[in-house]
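**Student:** I need the structure of the sequence given here:
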Amino acid sequence: YMYKAYALDELKQYGEAIRCLDASLDIDDKFARAIHIKGIVLNNLERYNDAIVFFDKALEIDPKYKKSLYNKGVALMHLKQYRNAIQCCDEVLNIDSKYYYAIHNKALALSNLKKYEEALVWWNKELAINPNDAWVMTDKATTLGSLKKYEESLVWYDKALAIKPKNIMALNNKANVLNNFQRHEEAIVWYDKTLAIYPENLFALNGKGVALMFLIKRQEAMVWYDKALEINPNYVDSLTNKANILNNLGQYEEAIVWYDKAIAIDPTYVYGVNNKGSTLNALGKYAEAIIWLDKALAIDPKYVAALSNKGSTLRNLGKYAESIIWLDKALAIEPKHIPTLNNKGLALMDLGKREEAIIWFDKALAIEPRYAHALHNKGWTSMCLGKYAEAIIWYDKALDIDPKYIHSLSNKGLTLNKLEKREEAIVWY
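**Tutor:** As a prediction, this is how the structure comes out:
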């Protein structure tokens with residue numbers, strides 16, 4: 001019965017497998033291996049809590065049954081009980097310190113807990129056992145990316161791809177790192193390589209949209225998000241990113257409709273919750289925006305974008321000193337967070353500290369010279385300082401990147417007016 005059940009499980013005939021195992025357990029209800037295999041079948045059926053019951057039964061009979069300990073950890077991973085999963089991995093490793101799969105799952109659980117430095121220790125242990133495992137190289141590269149060690153991350157993706165050139169995860173994640181590194185054109189090349197192998201890869205379709213959005217190719221980006229949503233209408237990343245484009249186009253009410261679609265699918269999706277708060281801020285619904293930003297921070301108290309957006313919203317409420325407190329909280333976590341650097345400059349402008357504001361816009365531009373908001377804001381600050389010719393230079397730089405940037409269009413007109421170039425000013429209004 002047990003061997004037949006094992007074969008049926010391999011064939012994904014899970015119901016038949018369970019019937020065979022139950023027949024086996026009717027003969028001997030203490031048969032630990034049959035109990036264990038029933039747990040595996042239940043895992044495959046995504047009945048993780050039921051699976052844990054059977055792994056525990058197997059462990060009552062044999063407390064050192066390492067496969068049951070390991071697979072119990074797998075079930076706990078699926079239930080997002082990462083600390084308990086790590087405990088199972090540790091129990092396995094106490095029995096067998098080189099049990100490859102337990103080392104892997106411990107690293108994975110640590111990554112999910114955002115304990116990236118600890119995760120690296122365990123990826124390295126896994127690579128010490130098998131130095132040519134391209135999948136572990138990919139996992140290590142992903143963890144390095146999470147630590148913003150982008151150059152090192154790219155090295156490990158390239159090592160993985162040298163062994164497995166069609167490793168979809170490495171191809172796609174290399175593109176993600178290039179996106180994070182502001183190398184968007186290169187990122188698109190790697191997303192295209194991913195899609196050449198797997199045209200329906202949601203991560204690559206969405207990632208290519210993100211790269212195009214950074215390049216201010218919004219309509220093209222929308223095409224790629226829609227392709228992802230044709231495959232999976234409930235894909236929250238593309239729902240949210242579609243909303244982001246509508247937000248950037250000033251279509252705030254419509255953007256909120258799409259954020260709400262994402263949040264209805266996953267209420268703990270912090271990216272969507274935060275961005276809804278940011279859009280409400282843009283609509284001038286500041287009190288409501290704070291509610292949604294606080295919801296985002298209840299999900300993840302260290303979510304930098306929500307800390308930054310709360311600072312921005314408080315600024316719009318005229319609470320400039322309080323605004324800077326929240327912006328500084330964001331910068332304490334991520335000192336190179338470009339929108340926060342820009343927003344701190346704006347808050348300092350509101351406090352009349354114009355020269356100091358320029359320092360913060362320059363910090364943003366030192367990281368991303370094409371960041372249109374900081375270019376515009378440097379122009380606006382220059383205008384407020386009476387440096388009109390300089391202001392126009394910065395507005396033009398912003399408009400080179402985004403020709404439809406309405407604030408730069410109108411403020412360039414205003415600045416030309418101050419220079420008494422009224423006919424030219426009218427064109428820009």
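**Student:** check contacts around the most centrally placed residue in the chain.
**Tutor:** Taking CA atoms, centre = their mean, the centroid of the chain lies closest to Tyr271, which sits 7.7 Å from it. Contacts of Tyr271 were listed using CB atoms under 8 Å, 6 or more residues apart in numbering, and they are 237, 240, 305. Any C-beta I mention is one placed from the backbone N, CA and C, and that applies to glycine too.
**Student:** separation between it and Asn180?
**Tutor:** 15 Å (CB to CB, to the nearest Å).
**Student:** so Thr279 makes contact with Tyr259?
**Tutor:** Yes - the pair Thr279 and Tyr259 qualifies as a contact (CB atoms under 8 Å) at a distance of 6.7 Å.
**Student:** now do the same for Gly379: its pLDDT.
**Tutor:** Looking at Gly379, its pLDDT is 95.
**Student:** helix or strand for the residue lying closest to Pro267 once chain neighbours are set aside, which one?
**Tutor:** Using CB to CB, 6 or more residues apart in numbering and skipping residues adjacent in sequence, the residue nearest Pro267 is Val273, 7.7 Å away. Secondary structure assigned from DSSP states H and E places Val273 in helix 270-282.
**Student:** any idea which helix or strand carries the nearest residue to Asn281 once chain neighbours are set aside?
**Tutor:** Distance criterion CB to CB, 6+ apart; nearest residue to Asn281, sequence neighbours excluded, is Ala289 at 4.1 Å. For Ala289, the host element (DSSP H and E) is helix 286-299.
**Student:** any idea of the mean pLDDT in that helix?
**Tutor:** 97.
**Student:** neighbours around Lys387, how many?
**Tutor:** Residues near Lys387, counting by other CB atoms under 10 Å, number 15.
**Student:** and Ala389, by the same measure?
**Tutor:** As a burial measure, Ala389 scores 9 neighbours (other CB under 10 Å).
**Student:** share the number of residues neighbouring the nearest residue to it once chain neighbours are set aside, please.
**Tutor:** Nearest non-adjacent residue to Ala389, counting by CB to CB, 6+ apart: Leu419, 7.5 Å away. By other CB under 10 Å, 13 other residues sit near Leu419.
**Student:** distance from the chain centre to stretch 262-278, please.
**Tutor:** Distance of stretch 262-278 from its chain centroid, counting by CA atoms, centre = their mean, to the nearest Å, is 12 Å.
**Student:** got the buried residues for that stretch?
**Tutor:** By 16 or more other CB atoms under 10 Å, the buried positions in stretch 262-278 come out as 262-263, 269-278.
**Student:** could those be laid out in CSV, adding pLDDT?
**Tutor:** CSV is the format used below for these (pLDDT from 0 to 100):
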residue, pLDDT
Ala262, 97
Ile263, 97
Tyr269, 94
Val270, 96
Tyr271, 94
Gly272, 95
Val273, 97
Asn274, 97
Asn275, 96
Lys276, 97
Gly277, 97
Ser278, 95
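**Student:** relative to Lys208, which of those is nearest.
**Tutor:** Nearest to Lys208 among the buried residues of stretch 262-278, counting by CB to CB, is Tyr271 at 17.8 Å.
**Student:** roughly how far does Trp135 sit from Ser153?
**Tutor:** Distance from Trp135 to Ser153, by CB to CB: 15 Å.
**Student:** so between the two, which is more surrounded?
**Tutor:** Between Trp135 and Ser153, Ser153 has the larger neighbour count (other CB under 10 Å), namely 25 against 16.
**Student:** which pLDDT value goes with the more buried one?
**Tutor:** Ser153 carries a pLDDT value of 96.
**Student:** from what I see, it and Met137 are in contact.
**Tutor:** No - the pair Ser153 and Met137 fails to qualify as a contact (CB under 8 Å) at a distance of 10.7 Å.
**Student:** what residues does stretch 243-256 touch?
**Tutor:** Against stretch 243-256 from outside (CB under 8 Å, 6+ apart): 213, 218, 221-222, 225, 257-259, 262, 272, 275-276, 278-280, 282-283, 406.
**Student:** give me the below-cutoff pLDDT ranges for the protein.
**Tutor:** Across the chain, the ranges flagged by pLDDT under 70 are 1-3, 5-6, 9, 429.
**Student:** now do 90
**Tutor:** For the chain, applying pLDDT under 90 flags the ranges 1-41, 43-44, 148, 180-182, 216, 248-250, 402-429.
**Student:** residue contacts, the nearest residue to Lys208 once chain neighbours are set aside?
**Tutor:** Counting by CB to CB, 6+ apart, Tyr191 is the residue found nearest to Lys208 once chain neighbours are left out, at 4.1 Å. Contact analysis of Tyr191 by CB under 8 Å, 6+ apart lists 172, 175, 204, 207-208, 211.
**Student:** separation between Tyr191 and Ser146?
**Tutor:** Tyr191 sits 19 Å away from Ser146, taking CB to CB as the criterion.
**Student:** now do the phi/psi pair for Lys336.
**Tutor:** When read as degrees, to the nearest 10, the backbone of Lys336 gives phi -110, psi 30.
**Student:** neighbours of Asp28, just the number please.
**Tutor:** The number of residues packed near Asp28 is 11, by other CB under 10 Å.
**Student:** repeat for the one 4 residues further on
**Tutor:** Ala32 is surrounded by 17 other residues when neighbours are defined as other CB under 10 Å.
**Student:** wouldn't it be in contact with Ile61 here?
**Tutor:** Yes - here Ala32 reaches Ile61: they are 4.3 Å apart, a contact under CB under 8 Å.
**Student:** Thr279 and Tyr259: who's more crowded?
**Tutor:** Tyr259 (29 against 25).
**Student:** show me what contacts the nearest residue to that one once chain neighbours are set aside?
**Tutor:** What sits nearest to Tyr259 in space, not counting adjacent residues and going by CB to CB, 6+ apart, is Lys276, at 4.1 Å. Applying CB under 8 Å, 6+ apart, we find Lys276 in contact with 256, 259-260, 263, 292.
**Student:** likewise for Trp156?
**Tutor:** Taking CB under 8 Å, 6+ apart, one finds 137-138, 140-141, 144 in contact with Trp156.
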